[in-house]
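**Student:** Pasting a predicted model and its sequence here:
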Number of protein chains: 2
Amino acid sequence: MSEKERFDRLRLIRSPRIGPVSYRQLLARFGSAGEALRAIPDLAARGGGKASVADAGAVEREIAASRALGARYLLMGDADYPVLLDQMDGAPPALIVRGDVTLTARNCVAMVGARNASAAACRFARTLAQDLAQRGAVVVSGLARGIDTEAHRGSIDSGTIGVIASGIDVVFPPENAALQEQVAAEGLLVTEHPPGTQPLARHFPARNRIIAGLALGTVVVEAAPKSGSLITARLAGEAGREVMAVPGSPIDPRAQGCNQLIREGAILVQNGADVMEAIGGFDTRMVRQGRFDFVGEPVSSDVAEQERRAVTDLLGAAAVPVDELIRLSGLSPAVVQTVLLELELAGRIERHAGGRVSLS
Amino acid sequence: MSEKERFDRLRLIRSPRIGPVSYRQLLARFGSAGEALRAIPDLAARGGGKASVADAGAVEREIAASRALGARYLLMGDADYPVLLDQMDGAPPALIVRGDVTLTARNCVAMVGARNASAAACRFARTLAQDLAQRGAVVVSGLARGIDTEAHRGSIDSGTIGVIASGIDVVFPPENAALQEQVAAEGLLVTEHPPGTQPLARHFPARNRIIAGLALGTVVVEAAPKSGSLITARLAGEAGREVMAVPGSPIDPRAQGCNQLIREGAILVQNGADVMEAIGGFDTRMVRQGRFDFVGEPVSSDVAEQERRAVTDLLGAAAVPVDELIRLSGLSPAVVQTVLLELELAGRIERHAGGRVSLS
């Protein structure tokens, strides 16, 4: 990939209303990010709105800031973009990383759990991470308080990857500043956000999908029902990765999330050997590839006004799956995707999890 | 069934070398226990040995003792012999019971676990038993220390069945004397042993099969690896019943048996609702019926000396499955079973779990 194309791709993903889905669709339709950037205003106009693209100067300043921080970019399509993550729905088109990117090519296991975990669970998490590291696995976690922190500490010597929900120069929680620096120095620190980005609440589910996506399987150590850790586990399962959970006594409320996961089919794990056995059976053919995103690529030529209206009329405030729109409209997937792309660039629709869209 | 036949059946099962398998085979071949008792000396002689039958006076004294204790007999074939137990491999031909036998016809759940269970697990077991009782289930356990005791205590008001490894008048452990009396008075107390029988170590696995056999499913609450509770769970599974386990933290050694069971496919249960959901899906068509015992009934006429020798030559000190003997000898199942029955009555072979036999 040329330096020019790399720059254009970063500029494309930093442009307003461009998400992982529209990014891939624009590249598929126009062949290069440069062409896509040029086409965006026209596409948005056809969708009934206006769209701008990211300021080139701002993108240059972001790149300079990343370099100054010792970070570099991994773009989707780069040889060292993590293979397993690439196969994940909505994988980030650009990662900013510090450290050893070869870690992503080893057997990665995600470990997630409660921020306010019990002392026993924290000790267990650290021991499990050490055990996994000694067995040659790389531990992926989120540098949060509690289980995440212990997972990194236990694996720092032999392979740890920290994925954060902020810019690579921003630390949260503050007490993990030294640990984050150590992860970057001895392991790998990963984010999808430009330097200076604060860790907003809405970044965390997106961060969780990177954690799940980097790993062959996700181990939940201690998690309350409806916690973020369970979302990570769900994302892992939806992506065809192994979902594992450490059980606990039913009288401990903090064990209920894990126990419920096991009831729903997660593999009960008690130690590193159990985890390695589970991911040893991992079959990469089971990994789902863009299941929701690509119900056909957009067409390369224009669609008729009548077709555009047929799709628009089907949309409402409630999110509906794209394949449902295709079925109801009777139009080809390519035409429907094209209309949706134009509407998205015009700011008239929003994309939701599970390949669903709604009017915005 | 006539009183005479009932007496003869009890006398038959109390006779030396008669176990559940030979009992059923003799009844199948001779049509009545009286005829079977008369045939035993001849059969044993053909097997190359001698056999006596139980002394009628001793059986009369046993019956009198049971009556004096307020107990009665449930014989296989009686209308109130527990249906689920009847379908179990090696079910006892005669039970001695005190209390309400209609409890066996309700939804029975076995609860087993460690004698030296943690205080938390004991409290949990009691709560679970109460929860199950309130949901209309009957709790079956073994009146041992620890989990068994709490299982009975929690369900005593609304339905509990205690199965013991001794005579109905013998209490073990001694501190459970009042509880055992309460189980007999308000629930059901069950044994297969005559009054006065002491609880020998070898009685316990046999007792465990009654516990598993009476229930739609077995819940293991806290169990070390290789404990008796896990044997009960295995017997339940082999009989096509639900196997359930309460999880615990991997850092607690007492949780490892249950966690391992879950890894092997047992259903993780956290409360009464989970248990009821599991046994609600129970399909009686899945219950195995005499899988090992009846590889053909014995023939009603004599077998040739040559056939007898063919079977005997295949036997050794190592236990082999009966169906293996049938295959290797090339003889009909009925002939092989007849030879084995004669050898057993002659005291020359022993029967083992899994339908296997060896020279004694």
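**Tutor:** Nice, thanks for sending it over.
**Student:** Quick check: the residue of chain A nearest chain B.
**Tutor:** Across chain A, no residue is closer to chain B than residue A:247, which sits at 3.4 Å (CB to the nearest CB). (Glycine included, C-beta is placed from N, CA and C.)
**Student:** correct me, but that residue touches residue A:255?
**Tutor:** Yes - Residue A:247 is within contact range of residue A:255, at 6.7 Å (criterion: CB atoms under 8 Å).
**Student:** higher neighbour count, those two?
**Tutor:** residue A:247 (27 against 24; other CB atoms under 10 Å in any protein chain shown).
**Student:** SS state for that one?
**Tutor:** Following DSSP: H, G, I helix; E, B strand; the rest coil, the label given to residue A:247 is coil.
**Student:** quick one: contacts for it?
**Tutor:** A:255, A:258-259, A:262, A:268, A:270, B:247-250, B:255, B:259, B:262, B:268 (CB atoms under 8 Å, 6 or more residues apart in numbering or on different chains).
**Student:** Point out the ones among those that are inside helices.
**Tutor:** A:258, A:259, A:262, B:259, B:262 (DSSP state H).
**Student:** Burial check on the fourth one, number of neighbours?
**Tutor:** What that stands for is residue B:259. Neighbours around residue B:259, by other CB under 10 Å: 28.
**Student:** Which pLDDT value does the model give residue A:302?
**Tutor:** Note for residue A:302: predicted pLDDT of 77.
**Student:** Identify the residues contacting the closest residue in space to it that isn't next to it in sequence.
**Tutor:** With sequence-adjacent residues excluded and distances taken as CB to CB, 6 or more residues apart in numbering or on different chains, residue A:302 is closest to residue A:46, at 7.2 Å. Taking CB under 8 Å, 6+ apart, we find residue A:46 in contact with A:302, A:308, A:342, A:346.
**Student:** And residue A:137, by the same measure?
**Tutor:** A:106, A:107, A:108, A:109, A:159, A:272, A:275, A:276, A:279.
**Student:** Equivalent analysis for residue A:76, please.
**Tutor:** So residue A:76 contacts A:86, A:91, A:92, A:93, A:94 (CB under 8 Å, 6+ apart).
**Student:** can you pick the most crowded of these?
**Tutor:** Sorting the contacts of residue A:76 by how many neighbours each has (other CB under 10 Å) puts residue A:92 first, at 25 neighbours.
**Student:** what ranges do the helices span in the stretch 151-300 of chain A?
**Tutor:** With helices called from DSSP state H, counting those that start in this stretch, the stretch 151-300 of chain A shows them at A:177-186, A:203-214, A:228-238, A:256-263, A:272-280.
**Student:** Tell me which of the ones you listed sits nearest to residue B:177.
**Tutor:** Ranking these by their distance to residue B:177 (criterion: CB to CB) puts helix A:256-263 first, at 37.0 Å.
**Student:** And for residue A:16, the neighbour number?
**Tutor:** 12.
**Student:** what secondary structure does it sit in?
**Tutor:** From three-state DSSP, the assignment for residue A:16 is coil.
**Student:** need the contact list for residue A:72.
**Tutor:** Counting by CB under 8 Å, 6+ apart, residue A:72 has contacts A:66, A:96, A:97, A:98.
**Student:** ugh, wrong one, residue A:156
**Tutor:** With CB under 8 Å, 6+ apart, residue A:156 has these contacts: A:179, A:182, A:183, A:186, A:187.
**Student:** I'd like those residues written out as a markdown table, with neighbour count, pLDDT and distance to residue B:54 added.
**Tutor:** Shown next, in a markdown table, are the contacts of residue A:156 (neighbours: other CB atoms under 10 Å in any protein chain shown; pLDDT from 0 to 100; distance: CB to CB, whole Å):
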| residue | neighbour count | pLDDT | distance to residue B:54 |
| --- | --- | --- | --- |
| A:179 | 19 | 98 | 76 |
| A:182 | 17 | 98 | 78 |
| A:183 | 26 | 98 | 77 |
| A:186 | 16 | 97 | 78 |
| A:187 | 24 | 98 | 75 |
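**Student:** Output the residues you listed in TSV; the columns should cover distance to chain B.
**Tutor:** Converted to TSV, the contacts of residue A:156 look like this (distance: CB to the nearest CB, whole Å):
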residue	distance to chain B
A:179	24
A:182	26
A:183	26
A:186	28
A:187	25
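**Student:** Among these, which one sits closest to residue B:37?
**Tutor:** Taking CB to CB as the measure, residue A:187 is the one of these closest to residue B:37, at 79.0 Å.
**Student:** Torsion angles phi and psi at that closest one?
**Tutor:** With angles defined as degrees, to the nearest 10, residue A:187 sits at phi -130, psi -130.
**Student:** Roughly how far does it sit from residue A:242?
**Tutor:** 22 Å (CB to CB, to the nearest Å).
**Student:** Skipping its backbone neighbours, what lies nearest residue A:99 in space?
**Tutor:** Counting by CB to CB, 6+ apart, residue A:99 lies nearest to residue A:188, which is 3.9 Å off, once chain neighbours are set aside.
**Student:** which residues touch the spatially closest residue to residue A:298 that is not a sequence neighbour?
**Tutor:** Nearest residue to residue A:298 in three dimensions, chain neighbours excluded: residue A:338, at 4.1 Å (CB to CB, 6+ apart). Shown in contact with residue A:338 (CB under 8 Å, 6+ apart): A:29, A:298, A:299, A:303.
**Student:** A strand includes the first one, no?
**Tutor:** No - assignment of residue A:29 by three-state DSSP gives helix, placing it outside any strand.
**Student:** What count of nearby residues applies to it?
**Tutor:** So residue A:29, with other CB under 10 Å, has 20 neighbours.
**Student:** In this structure it contacts residue A:298, no?
**Tutor:** Yes - distance between residue A:29 and residue A:298: 4.8 Å, which falls inside the contact criterion (CB under 8 Å).
**Student:** what do those two both touch?
**Tutor:** A:338, A:341.
**Student:** Any residues of chain A in contact with chain B? List them.
**Tutor:** By CB under 8 Å from any CB of the partner chain, the residues of chain A that approach chain B are A:120-121, A:123-124, A:246-252, A:255-256, A:259, A:262-263, A:267-268, A:270-271, A:274.
**Student:** low-confidence ranges in the stretch 251-360 of chain A?
**Tutor:** Scanning the stretch 251-360 of chain A for pLDDT under 70 picks out A:281-297, A:300.
**Student:** would you list every one of the strands in it?
**Tutor:** Per DSSP state E, counting those that start in this stretch, the stretch 251-360 of chain A carries strands over the ranges A:267-268, A:320-321, A:349-352, A:356-359.
**Student:** ranking those by burial, who's on top?
**Tutor:** strand A:267-268 (a mean of 23; mean count of other CB atoms under 10 Å in any protein chain shown).
**Student:** Let me see the contact set for the nearest residue to residue A:19 once chain neighbours are set aside.
**Tutor:** Spatial nearest neighbour of residue A:19, excluding adjacent residues (CB to CB, 6+ apart): residue A:351 at 6.0 Å. By CB under 8 Å, 6+ apart, the contact list for residue A:351 reads A:19, A:21, A:22, A:344, A:357.
**Student:** ok, now with 7 Å
**Tutor:** Counting by CB atoms under 7 Å, 6 or more residues apart in numbering or on different chains, residue A:351 touches A:19, A:21, A:344, A:357.
**Student:** Surely the last one and residue A:323 touch.
**Tutor:** It stands for residue A:357. No - contact between residue A:357 and residue A:323 fails when scored by CB atoms under 7 Å: they sit 11.0 Å apart.
**Student:** ok, residue A:200 - how many residues close by?
**Tutor:** Residue A:200 - counted by other CB under 10 Å - has 11 other residues nearby.
**Student:** Kindly report the same for the one 10 residues further on.
**Tutor:** Using other CB under 10 Å, residue A:210 is surrounded by 28 other residues.
**Student:** Can you verify residue A:39 is assigned to a helix?
**Tutor:** Yes - assessed by three-state DSSP, residue A:39 belongs to a helix.
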